[in-house]
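> Quick check, what structure comes out for this input:
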Amino acid sequence: MKKISFLLLAGALLAVTACGPSKGSLQELATESLTQSVYYPKQLRVIAISEPDSAFGINYFSKKEMQGMLRTMKVVTDSIMKRTDNMTKFNPDDYYVISLADRQMKATSDIRDMLFKAEKKGDFSGWKVKIDYEAIDHDGVKYRSERWTFIDKDGKNVLRTFDIPLP
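As a prediction, this is how the structure comes out:
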């Protein structure tokens, strides 16, 4: 009986996935959204783009995904502390540190909101795609980030994005 239930569930998931948007179209939509959000789109360099993954709400992440985000945030904080000698040699003219700290604070706020608004894994709500990229900010400083893009079930609209800085 368990095998039949599993086969029916697997078949239903396969049918839903087969009728949905293509992997390429989801990645293209995520990349287009990213391109529109950076200051200098022609200098944007996509380093890596994930396979689209099922999303179950725009605030739901697996434990493994959350651990990865928090690990990345720690590496960024350590990088800032090393560059400023634990903030004892902070240089207000170091635009790289200012930019990294600013992006880190925004990401911290986004992650805090996600934790407070955390949803239990619910019904399928769409897709999520992660893009690692390099761009140039408004001060001309090159930076790297990880962009999470949530896309609706039909693969036509971006519902939410947020970035985590990479050192």
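
> Identify the bridge partners of the residue nearest to Ile49 when sequence neighbours are not counted.
The shortest distance from Ile49 to any residue other than its chain neighbours is 4.9 Å, reached at Ile131 (Cβ to Cβ, 6 or more residues apart in numbering). Heads up, the C-betas are built off the backbone N, CA and C, glycines and all. Here Ile131 shows beta-bridge partners Ile49, Arg147, assigned using DSSP bridges.

> where does Ile131 land on pLDDT?
Per-residue confidence at Ile131 stands at 98 (pLDDT).

> in what helix or strand does Asp163 lie?
With secondary structure defined by DSSP states H and E, Asp163 is part of strand 158-166.

> Give me the mean pLDDT for that strand.
95.

> Distance from the chain centre to it, please.
Its chain's average C-alpha position is 4 Å from that of strand 158-166, according to Cα atoms, centre = their mean, to the nearest Å.

> thinking again about what came up before, how many neighbours does the residue nearest to Ile49 have?
Neighbour count for Ile131, taken as other Cβ atoms under 10 Å: 22.

> Number of residues surrounding Glu32?
Other residues lying near Glu32 total 12 when counted by other Cβ under 10 Å.

> Next: Ile111.
Neighbours of Ile111 using other Cβ under 10 Å come to 17.

> Secondary structure element holding it?
For Ile111, the enclosing helix or strand under DSSP H and E is helix 95-116.

> for that helix, packing partners?
Helices and strands in packing contact with helix 95-116 are listed as helix 63-83, strand 142-152, strand 158-166; criterion 3 or more Cβ pairs under 8 Å, 6 or more residues apart in numbering; DSSP states H and E.

> quick one: contacts for Leu159?
Contact partners of Leu159, counting by Cβ atoms under 8 Å, 6 or more residues apart in numbering, are 58, 126, 150-152.

> Excluding chain neighbours, what is closest to it?
Excluding its sequence neighbours, the residue lying closest to Leu159 (Cβ to Cβ, 6+ apart) is Phe150, at 4.5 Å.

> try Thr35
Pro41 (4.8 Å).

> For the one you found, give its distance to Pro92.
Distance of Pro41 to Pro92, computed by Cβ to Cβ, to the nearest Å: 29 Å.
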